[in-house]
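Visitor: Here is my input; please provide its structure:
(one chain, ligands or ions: 1)
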Amino acid sequence: MNSDYFNINIHLTEEQKLIQDSTRDWVNKFVKPIIEDHFQKEETPPGLIKELAEIGAFGLIVPEQYGGINADYISFGLMMQELERGDSSIRVVSSIQTSLVMYAIYKFGSEKQRLKYLPKLATGEFLGSFGLSEPSFGSNPSAMHTYFREEGDKIVINGSKMWIGNATAADIAIVWAKNPSGKVQGLIVETENITNFTTTVIKEKWSFRASKTGELVFSDSVISKDQILAESTSIKDAYRCLNIGRYAVAWGSVGIALECYETALSYSLERLQFGQPIASKQLIQKKLTDMITEITKAQCLNYQLGVLMDNGKARYEQISMAKRNNVKMAQEIAKEARQILGGMGITSDYPIMRHMINLETLITYQGTNEIHELITGRDITGINAI
Ligand SMILES: Cc1cc2nc3c(=O)[nH]c(=O)nc-3n(C[C@H](O)[C@H](O)[C@H](O)COP(=O)(O)OP(=O)(O)OC[C@H]3O[C@@H](n4cnc5c(N)ncnc54)[C@H](O)[C@@H]3O)c2cc1C
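Guide: As a prediction, this is how the structure comes out:
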């Protein structure tokens, strides 16, 4: 089945193809056969962290001296696409570790912090989380109520973070908090080396069921002053990490769309009604045609965004547009694909419903659909409507 309708793959280097193919093979062998069960039971597949580390899914874009692979952004995007074909919970573990934790330390940490944490994050010895959102501040994190103050060589943190991926399993959390002058800085919190700190899992989520999401609560929690991300000076630094996360979502959504489209296409060729495959019906062909057309447009968008990222020319507004467009596109495709499968579409024999409900998170996190619409609106009109 050729889902690369405009031959985008001819632009890929051998290394990029290798990363895409090897990630896809790993997902086919080790994720697809088991993920539905873990999703239903609300558990992360055991051994996942070690396996993701082994396929290079932690720190792909980070330089080799820190344990990464120093790959380009197109390779990173392709890996996110293939991981999310398996399940969003698999992609998100890789993406949090790479885009939000390792990138934050690489970009805003001191050399000492990079050497201390990045190699361990790359091998999966350490798992990270990224704490920006709060119970009362999701779309508006700059109004956050998590603060820290210095006391000698320590800092004291108060506040809480909500909806944090990997919260309870993480060895370190990148926590964004305001200093006494109101500026947001990143802190590296070692979850074993902090006082008065609790973390709890949000139970019975209907989306991202194979990954844990939780809360981080700080009440006069004390860590060493050395744990401030030395080069972080404002909320914009947290947003820079989110840009890499949003880039990963833009590619991951195409992975979901491909999986749903390919499932629906094969099903429609095999399923007989009125004595013929349903694929022979014009209304079904229209759905499939719309799907591959929208996927192709999103693939072109991602590829060009990857080129801009690799040249250091991508604007955050462009990343925002790709994230919003591709998630909406994948939502529409998942809905139509499920419909093509009729009753079978709602069963766990096929991956479509699982992807559909995972998309409910993709449309909300890393900036909601509405916020991204307003980012584009501000960019083209010059008027801030957020
Ligand atoms: C499964 C999951 C995992 C997550 N992982 C992380 C994580 O690892 N780290 C982290 O920091 N956060 C994480 N998040 C949090 C996520 O980023 C927030 O949920 C998101 O930013 C939205 O915030 P909110 O849920 O508080 O919604 P709100 O901000 O309260 O928004 C509610 C609704 O109002 C709309 N709205 C808000 N402001 C405006 C406006 N100005 N104009 C128009 N409409 C508006 C929104 O679009 C939305 O529809 C995660 C969320 C989920 C669900």
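Visitor: Going by C-alpha atoms from here, please, whenever you check contacts or count neighbours.
Guide: Fine.
Visitor: mean confidence score for stretch 136-149?
Guide: Across stretch 136-149, pLDDT averages out at 98.
Visitor: Using PDB, write down the CA coordinates of it.
Guide: Taking Å, rounded to 0.1, in the frame of the first residue of the first chain, the C-alpha atoms of stretch 136-149 are listed here in PDB:
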ATOM      1  CA  SER A 136      -6.000  26.900  37.200                       C
ATOM      2  CA  PHE A 137      -3.700  27.800  34.400                       C
ATOM      3  CA  GLY A 138      -3.700  25.600  31.300                       C
ATOM      4  CA  SER A 139      -3.900  27.800  28.200                       C
ATOM      5  CA  ASN A 140      -2.500  30.700  30.200                       C
ATOM      6  CA  PRO A 141       0.600  29.300  31.900                       C
ATOM      7  CA  SER A 142       2.300  32.600  32.200                       C
ATOM      8  CA  ALA A 143      -0.200  33.400  35.000                       C
ATOM      9  CA  MET A 144       1.100  30.400  37.000                       C
ATOM     10  CA  HIS A 145       1.000  30.200  40.700                       C
ATOM     11  CA  THR A 146       4.100  28.000  41.300                       C
ATOM     12  CA  TYR A 147       6.800  30.100  42.900                       C
ATOM     13  CA  PHE A 148      10.300  29.600  44.300                       C
ATOM     14  CA  ARG A 149      12.500  31.600  46.600                       C
END
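Visitor: in it, what's buried?
Guide: Applying a neighbour-count criterion of 16 or more other C-alpha atoms under 10 Å, one finds 138-139, 141-142, 144-149 buried in stretch 136-149.
Visitor: near the ligand too, which of these?
Guide: Counting by C-alpha under 6 Å from any ligand atom, 138-139 from the buried residues of stretch 136-149 sit close to the ligand.
Visitor: Reformat the buried residues of stretch 136-149 into TSV and put distance to Thr191 and secondary structure next to each item.
Guide: Rendered in TSV, the data for the buried residues of stretch 136-149 read as follows (distance: C-alpha to C-alpha, whole Å; DSSP: H, G, I helix; E, B strand; the rest coil):
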residue	distance to Thr191	secondary structure
Gly138	23	coil
Ser139	26	coil
Pro141	22	helix
Ser142	24	helix
Met144	21	coil
His145	20	coil
Thr146	17	coil
Tyr147	18	strand
Phe148	16	strand
Arg149	19	strand
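Visitor: Between the buried residues of stretch 136-149, which sits nearest Ile155?
Guide: Taking C-alpha to C-alpha as the measure, Ile155 lies nearest Arg149 of the buried residues of stretch 136-149, at 5.5 Å.
Visitor: what helix or strand is the closest residue to Thr199 other than its chain neighbours on?
Guide: Leaving aside its chain neighbours, Thr199 sits nearest to Leu216 (4.7 Å; criterion: C-alpha to C-alpha, 6 or more residues apart in numbering). Element membership for Leu216 (DSSP states H and E) is strand 213-224.
Visitor: Over to Ile380?
Guide: Here Ile380 sits within helix 369-381, counting by DSSP H and E.
Visitor: list the helices and strands that helix packs on?
Guide: Counting contacts by 3 or more C-alpha pairs under 8 Å, 6 or more residues apart in numbering; DSSP states H and E, helix 369-381 packs against helix 316-340.
Visitor: Tell me how far the helix it packs on lies from the chain's centre.
Guide: What separates the centre of helix 316-340 from the centre of its chain is 14 Å, taken as C-alpha atoms, centre = their mean, to the nearest Å.
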